[in-house]
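1. After the sequence you'll find the predicted model.
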Amino acid sequence: MTKPVRWGVLGTGKIAQTFARDLQLIDEGDVVAVGSRHQSTADTFGDEFGVPRRFGSYGELVSDPGVDAIYVATPHPMHLENTSLALHHGKPALVEKAFTMNAAEARELVALARSTGLFMMEAMWTRFLPHVVALREIVARGELGDLVTFEADHGKWFAPDPNFRLFAPELGGSAMLDLGVYPVSFASMLLGTPSRMVAMVDAAFTGVDGQASMIFGYDSGAQSLLTCTSAARSASRACLTGTAARVEIDADFYAPTSFRLIRRTGEVTPYSFDVVPRGLSFEAQEVARCLEQGLLESEVMPLDETISIMDTMDQVMSKLEPAPAR
């Protein structure tokens with residue numbers, strides 16, 4: 001690269017902290033500024049991660065001429081407003097997933113990015129991890145044969161606190177938006193947009209979706225079986241099966257991990273990868289590559305696919321049933 005991307009981090013929560021920590025491992029980007037709704041939290045974040053410029057408002061952050069791109073790390077109900085603010089100030093944006101609350105908001109953001117001629121990408125960091133890159137290469141070489149099924153689950157246990165972000169409606173509480181987006185996006189990467197769908201979605205105790213099971217069908221004849229829940233820690237593994245072989249991905253399938261290629265004959269080839277610490281640096285490197293090449297979106301995580309994923313999750317969440325009486 002000719003120069004590293006100068007990042008401004010919008011938000012100071014856990015994922016913002018992970019992003020700042022991981023960027024310290026690469027040469028393609030530096031966190032130079034942080035914005036928060038409160039000066040005190042911006043200062044605390046800046047002190048912890050050595051960020052020189054700290055702002056007590058998002059407007060000040062996106063107006064900083066020393067910032068090249070904005071990482072939107074706020075909860076997803078704020079993504080439309082926060083990302084629009086960045087784009088209106090001429091700043092490319094990397095937007096945490098879930099990208100927005102629904103497909104309509106996603107379309108609005110994509111239209112704005114395209115009308116302003118600015119780069120934007122959903123921060124689905126999983127796509128850029130070494131084991132996922134290797135999996136795509138295996139599929140592209142035809143080693144699995146024709147793809148038949150994809151199975152993945154993502155479940156985590158959270159204490160039943162109505163103020164916690166996965167359960168609070170005002171914070172976009174949703175097992176699908178926070179957890180289900182991973183298997184849905186993974187399936188989209190491998191098989192595209194489903195043409196058929198069966199879903200069962202049950203509410204958590206606050207009324208937001210708490211558990212979902214999905215079967216997707218594709219024009220190719222392949223199927224996906226996906227689940228997510230905010231009520232229990234699941235295995236969080238995945239398996240892609242083809243006519244010639246299958247790939248079994250270890251837990252957590254969406255984070256840095258290993259996998260095995262198991263051929264129809266029973267021959268096993270293990271794959272392992274060294275990634276430290278969390279792997280968010282790979283998506284930052286992709287943004288740096290795109291910006292240097294003058295691209296407005298990533299071919300690995302294109303904007304139209306982000307909209308399609310939000311459309312799929314909208315359809316799933318339309319099946320939400322109320323919480324049963326206890």
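-> Thanks, I have it. Numbers count the residues shown, from 1 in each chain.

2. Tell me how far Ala235 lies from Phe45.
-> 34 Å (C-beta to C-beta, to the nearest Å). (Each C-beta comes from the backbone N, C-alpha and C, glycine too.)

3. Which of these two has more residues huddled nearby?
-> Neighbour tally, Ala235 and Phe45, criterion other C-beta atoms under 10 Å: the higher count belongs to Phe45, 22 against 13.

4. Pretty sure that one sits in a strand.
-> No. With DSSP: H, G, I helix; E, B strand; the rest coil as the criterion, Phe45 is helix rather than part of a strand.

5. so who does it touch?
-> Residues near Phe45 by C-beta atoms under 8 Å, 6 or more residues apart in numbering: 9, 12, 16-17, 20, 34, 36, 51, 54.

6. For the helix or strand where Asp314 lies, give the mean pLDDT please.
-> Following DSSP states H and E, one finds Asp314 within helix 303-317. Helix 303-317 shows a mean pLDDT of 98.

7. Give the buried residues for it.
-> For helix 303-317, the neighbour count (16 or more other C-beta atoms under 10 Å) marks 303, 305-313, 316-317 as buried.

8. Format those residues as TSV; extra columns: distance to Gly266.
-> TSV is the format used below for the buried residues of helix 303-317 (distance: C-beta to C-beta, whole Å):
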residue	distance to Gly266
Leu303	42
Glu305	35
Thr306	39
Ile307	41
Ser308	36
Ile309	35
Met310	40
Asp311	40
Thr312	35
Met313	37
Val316	36
Met317	40
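
9. which residues of the stretch 1-150 of the chain fall in strands?
-> Using DSSP state E, counting those that start in this stretch, the strands found in the stretch 1-150 of the chain span residues 5-10, 29-35, 53-55, 69-72, 93-96, 120-123, 147-155.

10. Settle this for me: Tyr254 is touching Val184, isn't it.
-> No. Because the distance of 11.0 Å does not satisfy C-beta atoms under 8 Å, Tyr254 is recorded as not touching Val184.

11. Tell me how far the spatially most central residue of the chain lies from Val184.
-> Nearest to the mean C-alpha position of the chain, counting by C-alpha atoms, centre = their mean, stands Met124 at 2.8 Å. Going from Met124 to Val184 by C-beta to C-beta gives 10 Å.

12. before we move on, the earlier item: mind putting the contacts of Phe45 into CSV with neighbour count?
-> CSV is the format used below for the contacts of Phe45 (neighbours: other C-beta atoms under 10 Å):
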residue, neighbour count
Val9, 29
Thr12, 27
Ala16, 22
Gln17, 16
Ala20, 24
Val34, 29
Ser36, 25
Val51, 21
Arg54, 21
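
13. which one of the residues you listed is nearest Ala222?
-> Using C-beta to C-beta, Ala16 is the member of the contacts of Phe45 that lies nearest Ala222, at 36.5 Å.

14. Show the pLDDT at the closest one.
-> 98.

15. how many neighbours does the residue nearest to it when sequence neighbours are not counted have?
-> What sits nearest to Ala16 in space, not counting adjacent residues and going by C-beta to C-beta, 6 or more residues apart in numbering, is Ala73, at 3.8 Å. By other C-beta under 10 Å, the residues close to Ala73 number 26.

16. Surely Ala73 touches Val9?
-> Yes. Ala73 is within contact range of Val9, at 6.1 Å (criterion: C-beta under 8 Å).

17. tell me, what's touching these two both at once?
-> Common contact partners of Ala73 and Val9 (C-beta under 8 Å, 6+ apart): 16, 19.

18. Export the strands of the stretch 1-150 of the chain to TSV and append columns for mean pLDDT and distance to Arg107.
-> Formatted as TSV, the strands of the stretch 1-150 of the chain follow (pLDDT from 0 to 100; distance: least, C-beta to C-beta, whole Å):
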stretch	mean pLDDT	distance to Arg107
strand 5-10	98	21
strand 29-35	98	26
strand 53-55	98	30
strand 69-72	98	17
strand 93-96	98	14
strand 120-123	98	13
strand 147-155	98	25
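
19. Run through the strands of the stretch 201-326 of the chain in chain order.
-> 209-217, 223-229, 238-242, 245-249, 259-263, 268-271, 320-321.

20. Surely Ser272 touches Pro256?
-> No. Ser272 lies out of contact with Pro256 (C-beta under 8 Å); the separation is 10.1 Å.

21. So between the two, which is more surrounded?
-> Pro256 (19 against 11).

22. now the more buried one: how far from Leu144?
-> According to C-beta to C-beta, Pro256 stands 22 Å off from Leu144.

23. and what of His38?
-> Taking C-beta to C-beta as the measure, His38 falls 50 Å from Leu144.
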